[in-house]
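>>> compute the structure for the input listed below.
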Amino acid sequence: MLLKIKLLGNLYLQVMKKINQIFSYLDFEALFWICALLLLAVSDPYSKVHYTLFLPSILFDIPSPGYGLGHSISHFFHGNILLSFKTHPLGIITIIVLLGRSVSLLRKSYYNSIKKGQL
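Got it, this is the predicted structure:
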């Protein structure tokens, strides 16, 4: 019984070490932006639901400058490029910027992990 526990402990440590190696070259910010874009890609662009973190909008019902940005990105991923631009003109630019930033961060993390010898 004690041998089983010791073997499981060693296996656990090996698995955790491998997981840490895999995630050591991933950047949290890049993963966040990629996941956000993926969620907007699968969301319904015609939904009337609007989520906001813009405090004046929450407190005083003042529309935020980014109002419609999520719908614009969703329209773009569904192939409605003109409607995407009508919904918010900066939607397509936002996609380009976020994908570029994510690729840059992932590339930087990857090269840093190679320098450290983790890959």
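
>>> which outside residues touch stretch 67-87?
37, 40-41, 43-45, 47, 50-52, 57, 88, 90-92, 94-95 (Cβ atoms under 8 Å, 6 or more residues apart in numbering). C-beta coordinates here come from the backbone N, C-alpha and C atoms, glycine included.

>>> mind listing what's buried along it?
Within stretch 67-87, the residues scored as buried using 16 or more other Cβ atoms under 10 Å are 67-78, 80, 83-84, 87.

>>> name the SS class of residue 97, please.
Residue 97 falls in the helix class when you classify it by DSSP: H, G, I helix; E, B strand; the rest coil.

>>> ugh, wrong one, I meant residue 74
When classified by three-state DSSP, residue 74 comes out as helix.

>>> so, low pLDDT: which residues of this structure?
1-9, 22-25, 117-119 (pLDDT under 70).

>>> for it, which segments are assigned as helices?
Along the chain, counting by DSSP state H, helices occupy 2-24, 28-42, 55-60, 69-77, 81-87, 91-116.

>>> start and end of stretch 58-71, how far apart?
Its first and final residues considered, stretch 58-71 spans 19 Å by Cα to Cα, to the nearest Å.

>>> what does stretch 16-31 give?
End-to-end distance for stretch 16-31, by Cα to Cα: 20 Å.

>>> identify all contacting residues around that stretch.
Residues from elsewhere that reach stretch 16-31, judged by Cβ under 8 Å, 6+ apart: 101-103, 105-106, 108-110, 112-114, 116, 118-119.

>>> picking up where we left off before, can you tell me which of the helices of the chain is most buried?
Sort these by mean neighbour count, taking mean count of other Cβ atoms under 10 Å, and helix 69-77 sits at the top with a mean of 22.

>>> got the angle for that one vs helix 91-116?
Angle, helix 69-77 to helix 91-116, by axes from the mean of the first three to the mean of the last three Cα atoms, to 10 degrees: 90 degrees.
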